[in-house]
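S.K.: quick one: sequence plus predicted model below, questions after.
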Amino acid sequence: MLVKMDEILIKARREKYGVIAVSCFSLELIKAAINAAEKKRSPVILNINLKYDFVSEEEDVELFLYMARERARRSSVPVAVNLDHGQDYRTIMRAISHGFTSVMIDASAKSYHENIAITKEVVHTAHAAGLPVEAELGCVGMADETFRLENKYTKSAKTDPALVKDFIEKTNVDFLAVSIGNAHGPYAKNITPHIDFELLTEIAEITPVPLVLHGGSGTGDDNLSKACKMGISKINVGTDLMEAAICKANAGYQENQNKGRINFLTNYVTGYQESIEYYMEVFGSDGKA
Ligand SMILES: [Zn+2]
């Protein structure tokens with residue numbers, strides 16, 4: 001069933017498990033996410049970012065959102081369609097008009113006061129349309145510093161717990177993405193990030209608002225499982241799913257390239273789905289639909 005993200009995350013926060021937000025950049029991956037959720041009887045969030053090329057035209061966004069919403073509507077488990085990293089007010093308005101069931105405004109790289117002002121404006125509009133909003137306090141940067149510099153991403157900055165209450169009260173935001181040692185994209189080989197659980201405990205005590213962890217890939221199963229029990233209710237995962245999918249697709253290609261039965265895309269989607277199922281168990285959302 002198609003639902004709003006608060007219906008999924010308020011229950012998750014109360015019952016101390018996490019829900020995966022799956023990076024979806026094609027219809028096949030929407031199918032992989034929903035199939036995994038149905039198999040594991042878990043809620044799932046489809047994370048769609050309007051920055052990517054495949055939705056550069058309005059017609060593409062319209063088509064993609066129609067497919068996401070329809071596939072979600074037909075599902076037997078709760079599925080939310082969330083705008084990932086909305087950069088500005090215009091993007092948020094586009095997302096609302098295209099039928100997202102929640103939006104994220106990311107003004108985390110701006111000053112604290114600008115972040116409040118932009119988030120507040122977005123919450124005002126989204127709430128008027130009946131949609132919940134995620135915002136980010138502190139800044140989750142890129143795990144790979146080279147990528148960060150080349151692509152002009154802002155450096156990571158941990159969430160300041162002293163600002164959490166003020167930020168939530170002033171903006172009335174529904175979900176808060178926090179920076180506690182996590183980062184986007186792949187970490188350097190064999191490096192597991194140090195998650196600041198003391199900081200997470202402190203933030204979780206300040207607010208009952210469901211907390212969000214961006215950059216779930218490569219964070220380590222134990223870290224992620226622990227974080228979910230401590231107040232993280234939504235975990236964004238992309239890179240790990242893509243890697244699992246590429247591995248599976250490559251293996252299938254190596255095996256079958258001489259037999260004329262190459263099914264690269266099917267294997268890619270199966271690999272994506274299997275990795276989502278795996279994370280649903282790590283986050284404890286299996287059986288919670
Ligand atoms: Zn993110």
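M.R.: Thanks, I have the structure now. Because the structure is a prediction, the values reported are computed rather than measured.

S.K.: C-alpha from now on. contacts and neighbour counts both.
M.R.: Will do.

S.K.: first-to-last residue distance for stretch 276-289?
M.R.: End-to-end distance of stretch 276-289 (C-alpha to C-alpha, to the nearest Å): 15 Å.

S.K.: same question for it: list its buried residues.
M.R.: Residues of stretch 276-289 classed as buried: 276-277, 279-286, 288-289 (neighbour count, 16 or more other C-alpha atoms under 10 Å).

S.K.: make a markdown table from those residues and add pLDDT and distance to Y52 to it.
M.R.: Shown next, in a markdown table, are the buried residues of stretch 276-289 (pLDDT from 0 to 100; distance: C-alpha to C-alpha, whole Å):
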| residue | pLDDT | distance to Y52 |
| --- | --- | --- |
| I276 | 98 | 21 |
| E277 | 98 | 25 |
| Y279 | 98 | 24 |
| M280 | 98 | 26 |
| E281 | 98 | 29 |
| V282 | 98 | 28 |
| F283 | 98 | 27 |
| G284 | 98 | 30 |
| S285 | 98 | 28 |
| D286 | 98 | 30 |
| K288 | 98 | 31 |
| A289 | 96 | 30 |
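
S.K.: save the residues you listed as JSON lines, and put in secondary structure too.
M.R.: Shown next, in JSON lines, are the buried residues of stretch 276-289 (DSSP: H, G, I helix; E, B strand; the rest coil):
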{"residue": "I276", "secondary structure": "helix"}
{"residue": "E277", "secondary structure": "helix"}
{"residue": "Y279", "secondary structure": "helix"}
{"residue": "M280", "secondary structure": "helix"}
{"residue": "E281", "secondary structure": "helix"}
{"residue": "V282", "secondary structure": "helix"}
{"residue": "F283", "secondary structure": "helix"}
{"residue": "G284", "secondary structure": "coil"}
{"residue": "S285", "secondary structure": "coil"}
{"residue": "D286", "secondary structure": "coil"}
{"residue": "K288", "secondary structure": "coil"}
{"residue": "A289", "secondary structure": "coil"}
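
S.K.: for the protein, what helix or strand is lowest in average pLDDT?
M.R.: The least trusted helix or strand in the chain, going by mean pLDDT, DSSP states H and E, turns out to be helix 145-150, with a mean of 56.

S.K.: need the contact list for D240.
M.R.: Going by C-alpha atoms under 8 Å, 6 or more residues apart in numbering, D240 touches 217-218, 275.

S.K.: filter those down to the buried ones, PyMOL style.
M.R.: To isolate the buried members of those in PyMOL, using 16+ other C-alpha under 10 Å:
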select buried, resi 217+218+275
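
S.K.: and the contacts of D240, which of them are in helices?
M.R.: S275 (DSSP state H).

S.K.: adding distance to F100, write the contacts of D240 out as TSV.
M.R.: Supplementary listing: these in TSV, determined by distance: C-alpha to C-alpha, whole Å:
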residue	distance to F100
S217	24
G218	28
S275	25
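
S.K.: relative to L2, which of the contacts of D240 is nearest.
M.R.: Nearest to L2 among the contacts of D240, counting by C-alpha to C-alpha, is S275 at 22.5 Å.

S.K.: which residue is the nearest non-sequential neighbour of that closest one?
M.R.: Using C-alpha to C-alpha, 6 or more residues apart in numbering and skipping residues adjacent in sequence, the residue nearest S275 is L241, 5.7 Å away.

S.K.: could you measure from that neighbour over to P186?
M.R.: 11 Å.

S.K.: and the two? which has more neighbours close in?
M.R.: L241 (23 against 19; other C-alpha atoms under 10 Å).

S.K.: phi and psi next, for that one.
M.R.: phi -70, psi -40 (degrees, to the nearest 10).

S.K.: perfect, that will be all.
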